[in-house]
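**Q** one predicted model, sequence on top.
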Amino acid sequence: MKKTRITLTALCLAAVTLMTVFAAGCSAGGKAAVSYKGQEVDTAVFQYLCSQKKTDYLYEAYGVDRSSLSSSQLQDNPAIWIAEAEDGSTVADTLKSEVLDEAKLYLYMSDYAKSQGYTLGAEEKKYIKSEFDKVVSNYGDKKTFNREMKKYGVEYEQILEYNYLQ
C-alpha cells in the first residue's frame, strides 16, 4: 500500500513537471512564475524546479537511489503525467501545484524575515554559495553546469539567487 502511494505520488509529480515545462515554456522570457511583494521566481527557475521535483519523484517511484541510477536512465512515460484523479486534475497539475506552493512559501517567508529585520549576512551567503558550488562541481565546472541548465533557460546565478531565497 505504501509503495503504491509513493509510486502514485511520484508519478503525479512527474506529470506536473512535464505539464509545467510546457506551460512555463509558453510564457518564458524572464516573466515571473510567481511573485510576492517585489520578489519573484521567474519561469526559467520554475521550470528547473519542476524538472528536479519530477526526477525526485521518479527515483522514489522506482525505489532506486541516485547513486545506483543516473536520471537519464530513469524510465519516463508521458501517460503517467496525464493520468487523472477523480477531481479531474492530472499528475502534472499536482506536481506544478506543489512546486508553485513551495516557491510561494519561500517568497512569503523571505518577506516575513525581512519585515522582522532578518537578512542574509555575508557569512551566510558565503556558506550557501559554497554548498551550491559543491552541487555544481558534480557537473565538472560552472561552464558545464550552465550548459546543462541552458535546456531549462536558467543559469548558475538564477539558481544561486533561489538558494538564497530558500
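**A** Right, received. Where do you want to start?
**Q** for this protein, which residue is closest to the average position?
**A** Nearest residue to the geometric centre of the chain (C-alpha atoms, centre = their mean): L49, 1.4 Å.
**Q** I'd say that one and L100 touch.
**A** No. At 9.3 Å, L49 and L100 do not qualify as touching, with contact defined as C-beta atoms under 8 Å. For every residue, glycine as well, the C-beta is placed using N, CA and C.
**Q** just to revisit the earlier point, so who does the residue nearest to the centre of the chain touch?
**A** By C-beta atoms under 8 Å, 6 or more residues apart in numbering, the contact set of L49 is 41, 99, 102-103, 162.
**Q** any of the residues you listed buried? List them.
**A** Buried residues within these, counting neighbours by 16 or more other C-beta atoms under 10 Å: 41, 99, 103, 162.
**Q** so which helix or strand takes in the second one?
**A** What that stands for is V99. Per DSSP states H and E, V99 falls inside helix 91-115.
**Q** what's that helix packed up against?
**A** Under the contact definition 3 or more C-beta pairs under 8 Å, 6 or more residues apart in numbering; DSSP states H and E, helix 91-115 sits against helix 2-26, strand 32-36, strand 39-42, helix 43-62, helix 78-82, helix 156-165.
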